[in-house]
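Student: next come a sequence and a model predicted from it.
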Amino acid sequence: MDVLGMTETLTALIDRQGVMAKVPHPLSTVFLLDPLTLEPLEEGAQEGLVCLFNPFVTSWLECFYPGDLMTSRPSATFYGREFIYQRRLTVKEGWSLQRACGGSMEEMMTGGQR
């Protein structure tokens with residue numbers, strides 16, 4: 001099994017070993033946001049930030065920062081959709097995001113130079 005998630009908040013997208021089509025927990029509401037405008041995206045091949053809401057685990061919205069962009073597609077799984085990792089945020093896309101845990105976003109923005 002492969003897992004993409006944030007251990008700090010118990011948020012996870014799970015799949016079979018070696019497969020990038022991630023499946024959310026059935027109690028989660030998952031959707032994609034435009035990385036520049038933070039507006040919700042329609043279903044399709046558009047890349048977006050994966051956002052999850054699960055009121056049984058957390059009381060706030062989780063986003064996969066510092067920036068894994070994904071697409072969604074229909075699926076025969078229990079959730080009905082799968083989320084596929086595409087790429088990392090560019091500097092332009094990630095510039096206005098909050099500093100991530102461990103300063104990884106800050107390092108990306110400054111090119112590791114202090």
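Tutor: Sure thing, it's come through.
Student: contacts only, for the residue lying closest to residue 69 once chain neighbours are set aside.
Tutor: Using Cβ to Cβ, 6 or more residues apart in numbering and skipping residues adjacent in sequence, the residue nearest residue 69 is residue 47, 4.4 Å away. No exception for glycine: its C-beta is placed from N, CA and C like everyone else's. Residue 47 sits next to 32, 35, 69, 70, 71, 86, 87 when contact means Cβ atoms under 8 Å, 6 or more residues apart in numbering.
Student: the nearest residue to residue 74 once chain neighbours are set aside: how many residues sit nearby?
Tutor: Spatial nearest neighbour of residue 74, excluding adjacent residues (Cβ to Cβ, 6+ apart): residue 81 at 6.2 Å. Look at residue 81: counted by other Cβ atoms under 10 Å, it has 16 neighbours.
Student: correct me, but residue 81 touches residue 30?
Tutor: Yes: with contact defined as Cβ atoms under 8 Å, residue 81 reaches residue 30; the gap is 7.4 Å.
Student: shared neighbours, these two?
Tutor: Common neighbours of residue 81 and residue 30, using Cβ under 8 Å, 6+ apart, are residue 24.
Student: just the buried residues from the contacts of residue 47, in ChimeraX please.
Tutor: To isolate the buried members of the contacts of residue 47 in ChimeraX, using 16 or more other Cβ atoms under 10 Å:
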select :32,35,69,70,71
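Student: of the contacts of residue 47, which belong to helices?
Tutor: Counting by DSSP state H, no part of those is found in helices.
Student: which of the contacts of residue 47 sits closest to residue 25?
Tutor: Nearest to residue 25 among the contacts of residue 47: residue 70, at 15.9 Å, using Cβ to Cβ.
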